[in-house]
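# all I have is the shape, not the residue letters:
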Ligand code: AMP
Ligand code: TRP
């Protein structure tokens with residue numbers, strides 16, 4: 001029997017998980033567990049790269065663990081990055097195989113450094129700059145074959161492959177696996193308040209619909225979704241309406257989608273009806289997830305133990321890689 005292919009992906013504990021994260025990435029993570037060896041990291045080292053609050057970081061990390069479990073990630077596949085410090089060690093080693101000029105060109109760095117410089121202290125950390133190299137370490141340390149992420153991560157994946165290639169060339173061996181990006185069917189969910197920008201945590205509260213939101217808030221947000229953006233050609237569907245249909249597809253309500261699309265095509269669609277169906281569809285998912293979370297958080301201690309155990313098991317693979325990498329690149333490797 002051939003060994004199962006390995007899947008790795010990560011998410012930052014920087015705020016509430018929203019429907020963009022779910023449909024764009026995490027829903028797919030759940031499905032992939034059937035077929036692959038999966039590892040999903042809550043990457044708290046990454047969350048330190050922007051101004052942050054230490055107490056909140058730990059709270060957010062656990063909140064995100066509960067959320068991921070509530071949507072169907074298996075506890076044995078879930079780890080916390082800082083419990084596997086070898087990520088940071090490999091990150092340092094890989095810094096020496098990453099081209100400065102390439103790292104400097106990452107668009108996520110450009111966006112986030114702008115956001116960071118607008119903050120109170122106008123401070124941009126070296127960590128934010130170096131973030132993609134740590135991400136490369138997250139992936140290469142487990143020799144991941146596939147990395148399921150949204151379209152926004154494409155550049156980081158390309159950089160990861162370049163780093164792996166340079167390392168392999170230098171040590172004269174195909175040591176690191178070159179990972180492939182796995183795209184979801186739903187690459188991008190837009191903000192309902194402003195369909196020109198993507199739904200995201202950092203854009204502010206009204207730009208994302210939390211997966212675990214209060215149902216009344218969720219319904220209000222969908223109810224007030226922008227449908228006419230004013231810049232649409234006659235006969236062309238506006239970005240806001242497209243996004244509402246996209247949400248129905250992503251949530252697999254194809255009956256609702258097709259029926260409403262028919263009324264759109266014959267010119268009788270009422271936006272209020274479309275919003276009602278979208279709100280009902282998202283609310284049904286939300287109710288299920290909130291109930292799951294309520295049940296599983298009754299025993300937080302049990303969860304803590306499960307995640308500790310999973311991180312410990314996953315760490316063994318990371319330790320093995322770092323040991324081999326140190327051997328290959330001439331670092332001392334005496335066991336104490
Ligand atoms: P982040 O919230 O930036 O840590 O992203 C976690 C995952 O969700 C990544 O794989 C992103 O590509 C994905 N993601 C975030 N926002 C969206 C969105 N609006 N639409 C689709 N995917 C998204
Ligand atoms: N950079 C990713 C994001 O912003 C999060 C991330 C960190 C990641 N390390 C990773 C994603 C490794 C996939 C694999 O969403």
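Thanks, I have it. Given the structure is predicted, the values throughout are model-derived calculations rather than measurements. Ligands and ions are numbered 1, 2, ... in the order given.

# residue 39 looks like it's in a helix, true?
No: read with DSSP: H, G, I helix; E, B strand; the rest coil, residue 39 is strand and lies in no helix.

# find the nearest non-adjacent residue to the residue in the chain that ligand 2 sits nearest to, please.
Using Cβ to the nearest ligand atom, the single residue of the chain nearest to ligand 2 is residue 10, 3.5 Å away. For every residue, glycine as well, the C-beta is placed using N, CA and C. Leaving out its chain neighbours, the residue that sits closest to residue 10 by Cβ to Cβ, 6 or more residues apart in numbering is residue 41, at 4.0 Å.

# tally up the residues packed near the residue of the chain closest to ligand 2, please.
Neighbourhood size, residue 10 [other Cβ atoms under 10 Å]: 20.

# name the surrounding residues that touch the one helix or strand it maps to.
Residue 10 is part of strand 6-11, with elements assigned from DSSP states H and E. Strand 6-11 is contacted from outside by 17, 21, 25-26, 29, 32, 36-43, 46, 64, 68, 81, 135, 138-139, 142-149, 179, 182, using Cβ atoms under 8 Å, 6 or more residues apart in numbering.

# distance from it to the middle of the chain?
How far strand 6-11 lies from its chain's middle: 9 Å, per Cα atoms, centre = their mean, to the nearest Å.

# what about that strand, average pLDDT?
For strand 6-11, mean pLDDT rounds to 97.

# got the residue ranges for the strands in the chain?
6-11, 37-42, 78-80, 146-148, 180-182 (DSSP state E).

# of all those, which one is nearest residue 112?
Closest to residue 112 of these, according to Cβ to Cβ: strand 6-11, at 15.8 Å.

# now do that closest one against strand 37-42, angle only.
10 degrees (axes from the mean of the first three to the mean of the last three Cα atoms, to 10 degrees).

# is there proximity between strand 6-11 and ligand 1?
Yes: using Cβ under 6 Å from any ligand atom, strand 6-11 reaches ligand 1 at residue 11.

# in that strand, which residues are buried?
For strand 6-11, the neighbour count (16 or more other Cβ atoms under 10 Å) marks 6, 7, 8, 9, 10, 11 as buried.

# with respect to ligand 1, which of the residues you listed is nearest?
Lowest distance from ligand 1 to the buried residues of strand 6-11 (Cβ to the nearest ligand atom) belongs to residue 11, with 4.4 Å.

# identify the residues contacting the residue nearest to residue 10.
8, 9, 10, 11, 78, 79, 80, 81, 84, 138.

# again, only using 10 Å
Shown in contact with residue 41 (Cβ atoms under 10 Å, 6 or more residues apart in numbering): 8-12, 77-84, 87, 138-139, 142, 311, 314.

# kindly report the same for residue 160.
Contact analysis of residue 160 by Cβ under 10 Å, 6+ apart lists 94, 98, 132-133, 135-140, 144, 147, 153, 176, 178-179, 181.

# filter those residues down to the ones close to ligand 1.
Answer for the contacts of residue 160 near ligand 1 (Cβ under 6 Å from any ligand atom): residue 153.

# got a quick ChimeraX command for the buried subset of the contacts of residue 160?
A single ChimeraX command suffices to select whichever of these are buried according to 16+ other Cβ under 10 Å:
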select :94,98,132,133,135,136,137,138,139,140,144,147,153,176,179,181
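
# mind listing which of the contacts of residue 160 are in helices?
94, 132, 133, 135, 136, 137, 138, 139, 140 (DSSP state H).

# biggest separation within those, which pair?
132 and 140 (12.2 Å).

# joint contacts of those two?
91, 94, 160, 163.

# outline the domain layout of the chain.
Domain assignment for the chain by automatic domain parsing gives 6-187+300-329, 205-295.

# okay, the ones you listed, which one's buried deepest?
Greatest average neighbour count among the domains of the chain goes to domain 6-187+300-329 (a mean of 18), per mean count of other Cβ atoms under 10 Å.

# quick one, helices of the stretch 51-200 of the chain?
For the stretch 51-200 of the chain, helices defined by DSSP state H, counting those that start in this stretch occupy the ranges 54-71, 86-95, 100-103, 107-117, 126-140, 154-171.

# would you turn the ones you listed into CSV with mean pLDDT?
Shown next, in CSV, are those (pLDDT from 0 to 100):
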stretch, mean pLDDT
helix 54-71, 97
helix 86-95, 98
helix 100-103, 96
helix 107-117, 85
helix 126-140, 97
helix 154-171, 97
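
# can you check which helix is longest in the chain?
helix 300-328.

# is it in proximity to ligand 2?
No: Helix 300-328 stays clear of ligand 2 (Cβ under 6 Å from any ligand atom), getting no nearer than 13.1 Å.

# mean confidence for that helix?
Per-residue pLDDT over helix 300-328 has a mean of 97.

# who does that helix touch, helix- and strand-wise?
Applying 3 or more Cβ pairs under 10 Å, 6 or more residues apart in numbering; DSSP states H and E, we find helix 300-328 packed against strand 37-42, helix 54-71, strand 78-80, helix 86-95, helix 126-140, helix 154-171.

# hmm, 7 Å instead?
Judged by 3 or more Cβ pairs under 7 Å, 6 or more residues apart in numbering; DSSP states H and E, the packing partners of helix 300-328 are helix 54-71, strand 78-80, helix 86-95.
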